[in-house]
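[1] Fold the following.
(chains A and B)
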Amino acid sequence: MKTLVLGMGNPILSDDGVGIKVAHEVANQFNSPQVTVAETSAAGLRLLDSIVGYDQVIIIDAIQTREGKAGQIYRMKPEDFSFAKHLSSPHQINLVTALELGKTLNLVMPQEITIFAVEAKDVSNFSERCTPEVERAIPEAVKMVLEELKCQTSS
Amino acid sequence: MKKIMIDPITRLEGHGKIAIFLNDDGGVANVYFQVPELRGFEKFSEGRPAEDMPQITQRICGVCPEAHHMASTKALDALFHVEPTSTAKKLRELLYSAFYVTDHTTHFYILAAPDFVMGPDAPPAERNILGVIAKVGLELGGAVIRTRHENHWVIQTIGGRPIHPCFGLPGGVSKAINEEERAKIEEIAKSSVEFGKLSLKVFDDVVLKNKEYLDMVLSDTFTHRTYYMGLVDENNKVNFYDGKVRVVDPDGKEFVKYAPRDYVEHVAEHVEPWTYLKFPYLKKVGWKGFVDGKDSGVYRCTPQSRLNAADGMATPLAQEEYEKMYSTLGGKPAHYTLATHWARLIELLYAAERMVELVRDPEITSPDIRTIPTATPDEGIGIVEAPRGTLTHHYITDERGIIKKCNLIVGTTNNHAAISMSIKKAAVDLIKPGKEITEGLLNRIEMAWRPYDLCLACATHSLPGQAPLEVTIYDAQGNELKKLSQGIS
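    A predicted model of the protein is given here:
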């Protein structure tokens, strides 16, 4: 069982980089030949390139929701974004379309994808640091990813 | 686990916004196009060693990190007054050409093709890459993925890392390639040439053989007569990595050709109160507002612009296609914004052919990859052609090479005025008194700016992974009439 933990975001854009920070911490705390921890700032097709060939993928990214509280963590599945697949994208394809594309082209796609999204506050100002609210959420997000990994690798 | 209703809006305040204001008659009075702007990069870079800039600047944008890495590396050559070795220049250009193949492939098949293969009025649920594959065939879909995958391998092999290369140093690059790698890159380059030819055939079959589409390409709705900018080599042929910046006027006559270090004499930036993003224009012509023509300093730098600004392509197959395009479009320069999709595919073919040339160069595996800088750093400017426009990096440092000032003019910004004009023109032609405003309108407006391959940098990766766009239409009294949006719930 090959698992990928993928931190997504921009590490120099305040809370946008929270996914990458969580992934780094996961890499420090979890060591298994079956698990690869990586980071990316890419979307769409590049995301597809990153996940092809893995059995399971855990993605960690920033999110902004309408009523969200900074630092809140959500555990989601790609289906939670299924409403978005009916919308065309001005620059790239979204996650759901990327996954469907992979399946259509008979690529080796992960059977299971779990997304941990951390509610971001500032995603417009360049900084290597997250805002305090989001910074405080990192240990909890790491814990959730580690629990997910333990569940998945023991199953 | 408790089920949480997710309502992702990605960038609450930062998404792309188009505001259309109608006049008393219900026709279009004004159009404003706002893109999100990231703040504080200049301050962020101050006080950092200049050598870090190729690593830092490529993080600005999730779409073209390779372009920032390359412009930044060239700015460092200038800053440290050092000439890279011949092999280093060739390795940089080889990586950059592979990047062009991937980037242009993505744009055409993901963004441009759905409009033409599925039709501009097809439901959004079908107007995407999946629809294209269903119609054109799995084989082509496989070729798209394979070409991108293989060229990313090239970028990783030369650049040292996937997505964010780490090989650019002042005076050269950090690593050479061996014969085994060279041979594999040659195979990939050759197959990319075939893919480029195939893509032009797809364009020919789908767009050029369809009279309705060709008429749309040539229609006034999608036409602007502007100045055109692009990098050219010593023979005035298109070059993405190096050369001088050449600008031609709307009649195609050379207006100016300048070395990157002189850019401040030629390009100035206009500011509008309704957006943070600036509007670059040709200083010597002047800012005359959002208008085209010879008296307006608005210029464009897109694939079409680069071909307009040059005398031709430096490789044989791309040159043939270049000639075919201008003969079909009725001569040079071509002012048809939608023809940019065609020009982009000609650039894709050129990039692949250039890869073949470079990888067969006897110097390419030489270990002579770096000139060690010895001069004191002061100021450096580096320019490359990013896929979406001329990209300028300008650094000023102290004598230790610590950044005191940094200015970037990124690809999309160059085209900001022209994009605004193109959207307005499409809106004026499509929104008529008494005519219902529909979802189809949103796509037609999108079609006016899609050829610019504009980069809403910050909005590209964050969940749900698509750049949000909102079009709001107001009546003459400023009341909201209709709102159309995508990626925003």
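[2] So the residue in the stretch 101-250 of chain B that chain A sits nearest to, which state does it fall into?
    Of all residues in the stretch 101-250 of chain B, residue B:125 sits closest to chain A, at 4.4 Å by Cβ to the nearest Cβ. To be clear about C-beta, it is placed using only N, CA and C from the backbone, and glycine gets the same treatment. Judged by DSSP: H, G, I helix; E, B strand; the rest coil, the three-state class of residue B:125 is coil.
[3] per-residue pLDDT, it?
    Among the per-residue scores, residue B:125 shows a pLDDT of 74.
[4] Then the one 4 residues further on?
    pLDDT, residue B:129: 86.
[5] Compute the number of surrounding residues for it.
    26 (other Cβ atoms under 10 Å in any protein chain shown).
[6] which residues touch it?
    With contacts taken as Cβ atoms under 8 Å, 6 or more residues apart in numbering or on different chains, residue B:129 has the following neighbours: A:93, A:97, A:101, B:109-110, B:113-114, B:141.
[7] Residue B:72: which of the residues you listed is nearest?
    Using Cβ to Cβ, residue B:110 is the member of those that lies nearest residue B:72, at 26.7 Å.
[8] hang on, the earlier thing: neighbours around the residue of the stretch 101-250 of chain B closest to chain A, how many?
    The number of residues packed around residue B:125, counting by other Cβ under 10 Å, is 12.
[9] and what of residue B:236?
    Residue B:236: 17 surrounding residues under other Cβ under 10 Å.
[10] Likewise for residue B:18?
    Close neighbours of residue B:18, defined as other Cβ under 10 Å, add up to 23.
[11] before we move on, what about residue A:79?
    Residues near residue A:79, counting by other Cβ under 10 Å, number 10.
[12] Model confidence score at it, please.
    Residue A:79 carries a pLDDT score of 77 in this model.
[13] Report the next helix or strand after the helix or strand of chain A with the lowest mean pLDDT in sequence order.
    Least confident element among the helices and strands of chain A, by mean pLDDT, DSSP states H and E: helix A:44-51 (a mean of 81). Next along the chain after helix A:44-51, taking DSSP states H and E as the criterion, comes strand A:56-63.
[14] What residues sit buried inside that following strand?
    Of the residues in strand A:56-63, those with enough neighbours to count as buried (16 or more other Cβ atoms under 10 Å in any protein chain shown) are A:56-63.
[15] Just give me the longest helix of chain A.
    Here the longest helix in chain A is taken by residue count, with DSSP state H as the criterion, and it is helix A:132-154.
[16] got the angle between it and strand A:56-63?
    Compare the direction of helix A:132-154 with that of strand A:56-63 by axes from the mean of the first three to the mean of the last three Cα atoms, to 10 degrees and you get 170 degrees.
[17] Tally up the residues packed near residue 142, please.
    No chain was given, so I picked chain A. Close neighbours of residue A:142, defined as other Cβ under 10 Å, add up to 21.
[18] actually it's chain B I care about, not the one you picked
    Neighbourhood size, residue B:142 [other Cβ under 10 Å]: 15.
[19] Now do the SS call for it.
    Per three-state DSSP, residue B:142 ends up helix.
[20] Spatially nearest residue to it, not counting backbone neighbours?
    The shortest distance from residue B:142 to any residue that is not its chain neighbour, by Cβ to Cβ, 6 or more residues apart in numbering or on different chains, is 5.6 Å, and that residue is residue A:105.
[21] same check, this time on residue A:50
    Take residue A:50 and drop its neighbours on the chain: the residue closest to it by Cβ to Cβ, 6+ apart is residue A:40, 5.6 Å away.
[22] Ok, residue B:66 next?
    Beyond its immediate neighbours in the sequence, the residue positioned closest to residue B:66 (Cβ to Cβ, 6+ apart) is residue B:99, lying 4.1 Å away.
[23] quick one: low-confidence parts of chain B?
    Chain B contains residues with pLDDT under 70 at B:1-16, B:35-37, B:62, B:455-470, B:484-489.
[24] tell me the domain ranges of it?
    The domain map for chain B lists B:16-36+B:423-486, B:83-220+B:337-372, B:224-335, with the assignment taken from automatic domain parsing.
[25] Can you give the distance of the last one from its chain's centre?
    Using Cα atoms, centre = their mean, to the nearest Å, we find the averaged C-alpha position of domain B:224-335 to lie 13 Å away from the chain's own average C-alpha position.
[26] end to end, how far does that domain reach?
    5 Å (Cα to Cα, to the nearest Å).
[27] likewise the second one?
    One end of domain B:83-220+B:337-372 sits 9 Å from the other (Cα to Cα).
[28] Kindly report the same for stretch B:297-316.
    Taking Cα to Cα as the measure, stretch B:297-316 stretches 34 Å from start to finish.
[29] what do you get for stretch B:259-274?
    Counting by Cα to Cα, the length from the leading to the trailing residue of stretch B:259-274 is 33 Å.
[30] So which residues make contact with stretch B:362-372?
    B:82-88, B:90-91, B:94, B:169, B:171-179, B:182, B:358.
[31] Which among those residues count as buried?
    By the neighbour-count criterion of 16+ other Cβ under 10 Å, the contacts of stretch B:362-372 include these buried positions: B:82, B:84-85, B:87-88, B:90-91, B:94, B:169, B:171-173, B:175-177, B:182, B:358.
[32] now, which of these lie within strands?
    When these are checked against strands (DSSP state E), the matches are B:169, B:172-173.
[33] now, which of the residues you listed sits nearest residue A:141?
    residue B:169 (35.9 Å).
[34] Which residue, other than its chain neighbours, is closest to the closest one?
    Spatial nearest neighbour of residue B:169, excluding adjacent residues (Cβ to Cβ, 6+ apart): residue B:370 at 6.3 Å.
[35] and that neighbour, how many neighbours?
    When neighbours are defined as other Cβ under 10 Å, residue B:370 has 19 of them.
[36] What separation do you get for it and chain A?
    Between residue B:370 and chain A the distance, using Cβ to the nearest Cβ, to the nearest Å, works out to 27 Å.
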